[in-house]
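Participant: Here's my sequence, what's the structure:
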Amino acid sequence: MTAGATTDAAVGPRSLHLASEAELEGWDTRAVEVPGGHVLQSRAWAEYRAAHGWRTWQLVYDDGFPLLVVGRDRPVIGGGWAYASRGPIPEPDPERGAARAAAAADFLAGQGMDALIVDGETPFESGLADQLRAHGFEPTEELQPSRHRMDLQLPVRTSDDEILRSFAATTRNLIRQAERRGLRVVRLDARPWSIEEPYDPPAPEDEADPTALFTTFYGMLDATARRVGFALASQAAFLDWSKRALAAGHLVYLQAVDADGEPVAGATFYRHGERLTYSLAGDRAELRKSHPGAVRLLLWRGIQIALREGRETMDLGGGDVRGARGRPKPDDETYGKYQFKASFGGRWVELTGAHQRTMRPLRHAAGRVLGRLAALGR
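Facilitator: Next up, the predicted model:
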């Protein structure tokens, strides 16, 4: 039964249990590979979080619908908070989705948690926000970098040339310039792909152990994070998650290299549901003048993977204004990112965003105060 399956109202959204071993075996089929599924609902993400000290609950409703929740305990005062990372998976019926979130909150209250945040990527127009409020949830700040996202639709049987011609002229020209200057794209991917496609395989030692490739990529990301001012996980955590996601087949890493094999830029993409998601990208700032189209070439190669795999959507990720969380305007700091994605044909998709239900308000408030005090003391 798929994640969006329906059943009698007496079970399903209001009745759930911890997944059995048999249910865990088919977890990713129901949580990641279904339409609307997400890599942050995967077994790999649960195992990664558990390895780094988080509590995890892999829950199954009585109609077979899966939900991964991760959480943190609070020292001293007890309790903690929980997060259904990019869950519950969106469903056609928003009332049903809200009922699932409420049932999970009730379950987690019994596990000692004080609050639950949900942020399944459901379109705002679905009306889910109103249904969540009816079940005691309120809007809250995002735990993910963006609330909204930009999508490029990939109609069935669309050719590479048709997609490329749809890009803005500058983007098209920079991609072609990158190709003319001899940039090659190395593809690190646990899933099989045709050697005739426009990618180079990694060196055998990098395929056996991708640590060096991911370490190089982390260096590019770290330089970008320091320049732009966004948060980045530690190198150890980044390497751990990247290797887990790669091994599970959820992640593809593309690296642009010059004629001498020197890395110029890198980008990661996630497979889930009907889409491929452009996740992280970084480049070597000192090589931008000589290779200005490197990141665009990587994104184009990612779109080509989505086309080959029959994905309906290339999810280009977010670009909303921090704090305000709206579509950027020309004077906003994220407008450049928005323009970059729009140049590939990305269209703004407004999502419901994160909502929180607080089961124990006093202890949750006390925990937040203690957390802020601890942060100030560091």
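
Participant: Tell me how far the nearest residue to F230 once chain neighbours are set aside lies from F217.
Facilitator: Nearest non-adjacent residue to F230, counting by CB to CB, 6 or more residues apart in numbering: P145, 6.9 Å away. For the C-beta atoms, the positions are set from N, CA and C on the backbone; glycine is no exception. Between P145 and F217 the computed distance is 17 Å (CB to CB, to the nearest Å).

Participant: swap in K329?
Facilitator: Distance, K329 to F217, using CB to CB: 32 Å.

Participant: With neighbour numbers in mind, choose between those two.
Facilitator: Neighbour count, other CB atoms under 10 Å: between K329 and F217, F217 has more, with 26 against 11.

Participant: Give me the three-state assignment for that one.
Facilitator: Look at F217: counting by DSSP: H, G, I helix; E, B strand; the rest coil, its state is helix.

Participant: quick one on the thing from earlier: what helix or strand is the residue nearest to F230 located in?
Facilitator: Of the helices and strands defined by DSSP states H and E, none includes P145.

Participant: how many neighbours does it have?
Facilitator: P145 has 13 nearby residues by other CB under 10 Å.

Participant: if we look at the lowest-mean-pLDDT helix or strand in the chain, which residues are touching it?
Facilitator: Least confident helix or strand, the chain: helix 361-376 with a mean of 76, by mean pLDDT, DSSP states H and E. Here helix 361-376 makes contact (CB atoms under 8 Å, 6 or more residues apart in numbering) with R74, V76, I77, G78, G79, G80, W81, D114, A115, T358.

Participant: and of the residues you listed, the nearest to S290?
Facilitator: Nearest to S290, judged by CB to CB, of the contacts of helix 361-376 is W81 at 47.1 Å.

Participant: For the nearest residue to H135 once chain neighbours are set aside, which residues are in contact?
Facilitator: Leaving aside its sequence neighbours, H135 sits nearest to A102 (CB to CB, 6+ apart; 3.9 Å). For A102, the contact set (CB under 8 Å, 6+ apart) comprises P13, R14, H135, G136, F137, R357.

Participant: Pretty sure the fourth one sits against A109.
Facilitator: Read it as G136. No. Contact criterion CB atoms under 8 Å: G136 and A109 do not qualify, at 11.1 Å.

Participant: More neighbours: which of the two?
Facilitator: Taking other CB under 10 Å, G136 and A109 do not tie; A109 has more neighbours (18 against 15).

Participant: so who does the more buried one touch?
Facilitator: With contacts defined as CB under 8 Å, 6+ apart, A109 is in contact with M359, R360.

Participant: Recalculate using a threshold of 10 Å.
Facilitator: G79, A82, A115, L116, R357, T358, M359, R360 (CB atoms under 10 Å, 6 or more residues apart in numbering).

Participant: Quickly list what the third one is bridged to.
Facilitator: It stands for A115. W81, T358 (DSSP bridges).

Participant: In the stretch 151-300 of the chain, what residue spans correspond to strands?
Facilitator: 184-189, 251-257, 263-272, 275-283 (DSSP state E, counting those that start in this stretch).

Participant: Ok, the stretch 1-150 of the chain next?
Facilitator: For the stretch 1-150 of the chain, strands defined by DSSP E, counting those that start in this stretch occupy the ranges 16-18, 55-61, 66-73, 80-84, 115-118, 138-139, 149-153.

Participant: just to revisit the earlier point, looking at it, the residue nearest to F230 is touching R322, isn't it?
Facilitator: Yes. Using CB atoms under 10 Å, P145 is in contact with R322, at 8.6 Å.

Participant: list residues touching both of the two?
Facilitator: F230.

Participant: what sits against Y83?
Facilitator: 40, 49, 54, 68-72, 113, 115-119, 143, 354, 356.
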